[in-house]
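**Q** One predicted model, sequence on top.
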Amino acid sequence: MSSLASPAAAVPLRQDLRTISLIGLAHGTSHFFHLLLPPLFPWLIRDFSLSYSELGLLVTVFFAISGIGQALAGFVVDRVGARPVLFAALGCFALAALAAAGAQGYAGLMLASALAGLGNAPFHPVDFTILNKRVSQPRLGHAFSVHGITGNLGWACAPVFLAGITTATGSWRAACVGAAIVALVVLALMVLQREAVDDRLGAWSHEKKGGPALTEEHPLAFLKLPSVWLCFSFFFWTSCALAAVQSFASPALQALYDLPLAWTSMVVTGFMVSGALGMVIGGFLVARVERLERTISASLLAAGALLVIAGSGVVGGGPALALASVAGFGVGLAGPSRDMLIKRAAPPGATGRVYGTVYSGLDLGFALAAPFFGMLLDRGMAGGVFLGSAASLVAAVVSAAMVGGHVAARRRDARAAATVAG
């Protein structure tokens, strides 16, 4: 092998797969804990006499704490490293599940939501810092794809796991204890495999060594970049759409089509499994498409159209459930392109800070959208859950198009500067 071979070319496949798999598992766990309480809403209503608006506020608390913490966590990750923050986050999830299991009322559920939000806060800056530093360039697009797939699978598993244990045992508290065990098992695995998630090692060539480092500027200098805030906007709108589906698609389908809970509770799982399939294909598209925002736009618009049909009331209950589930494919297809677009928009040396700031838009969207869609259900406007989700996806398409324009302009300027310098 030539001595001029790039470091990325010499990286064994097994090494990359080990890191990708572990970070995928961690990401799936974080998404699992997004839904620690929503699948249990029917039982919480029964035991604590809560309204959908009150339940939506629990989701708001989770994502408000996660969003604020995520923006701050990016700075912590850049300073102390991603691995110790990952361990602490998984520990928070275990505490959150135990707090839910012991809740004696609304205050106890609020504490569980707050602890889960605190645990969720660091995951995107942690995950993308480790992936960008540990995974070689040729496999990075697939790493982003796996990262998105496992997140969707975490979302898909949570309703089945929590509702399944609750149904089998007759106790939603037992389901929460089971969730705590899941978090502790994943934490133990990460500690045992800690070398593979050590972000202090493996700064690959795609980190643009020798380029202008943001660390030489003010730590907040990246906030002046329009592309960062456009990415934030994109995540805000996509999370509004997801909040509608995750928390309220099931009761909305019940109200619109009089379907049994056993059927409608599967809509989130169907949406997320479809999304995971979309992400598999999206991982291959990333390496073949230059204007990523076009992939994002086509995928999200198609998903929005399916949600509009599902919420219109003009199709039967079964087809509506299927359409709402298949809409996840379009959202998933856009996922890897979204993550690569953010990487292109981020300046070197600010991975944690940029991802922390951008992904806090996701948390803000969930925090604001959940009580809004809960209010629609309380007022009998079940179709608005799907129509509002579709409208949010359209707004996300506009943001993605603007991000793509900024990234393309910056690349043209860089090529022009290189031509002049040459």
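**A** Now that the structure is in, tell me what you want to look at.
**Q** Need the nearest residue in space to Ser297, chain neighbours excluded.
**A** Distances taken as Cβ to Cβ, 6 or more residues apart in numbering put Val397 closest to Ser297, at 4.6 Å, once the chain neighbours are dropped. Any C-beta I mention is one placed from the backbone N, CA and C, and that applies to glycine too.
**Q** for the helix or strand containing the one you found, what is the average pLDDT?
**A** Val397 is part of helix 383-421 when elements are defined by DSSP states H and E. The average of the pLDDT scores along helix 383-421 is 80.
**Q** And for stretch 59-67?
**A** Stretch 59-67 comes out with an average pLDDT of 87.
**Q** ok, and what's touching that stretch?
**A** 34, 37-38, 110, 113-114, 116-118, 120-121, 239, 243, 247, 360-368, 370-371 (Cβ atoms under 8 Å, 6 or more residues apart in numbering).
**Q** just stretch 279-299 next, same as before
**A** Stretch 279-299 has contacts (Cβ under 8 Å, 6+ apart) with 141-142, 144-146, 148-149, 152, 278, 330-338, 340-341, 344, 396-397, 400-401, 403-405, 408.
**Q** just the buried members of those?
**A** Buried members of the contacts of stretch 279-299, counted by 16 or more other Cβ atoms under 10 Å: 141-142, 144-146, 148-149, 152, 278, 330-338, 340-341, 396-397, 400-401, 403-404.
**Q** Cross those residues against helices and list the overlap.
**A** Among the buried ones among the contacts of stretch 279-299, the members found in helices (DSSP state H) are 141-142, 144-146, 148-149, 152, 278, 330-338, 340-341, 396-397, 400-401, 403-404.
**Q** Read off the pLDDT value for Ser21.
**A** 94.
**Q** Which element, helix or strand, includes it?
**A** Using DSSP H and E, Ser21 sits in helix 13-34.
**Q** Which of the residues in the very next helix or strand once past that helix are classified as buried?
**A** Using DSSP H and E, the helix or strand that follows helix 13-34 towards the C-terminus is helix 41-48. Residues of helix 41-48 classed as buried: Phe41, Pro42, Trp43, Leu44 (neighbour count, 16+ other Cβ under 10 Å).
**Q** and helix 41-48, how far out from the chain's middle?
**A** Distance, stretch centre to chain centre, for helix 41-48: 27 Å (Cα atoms, centre = their mean, to the nearest Å).
**Q** helix, strand or coil for Gln104?
**A** coil (DSSP: H, G, I helix; E, B strand; the rest coil).
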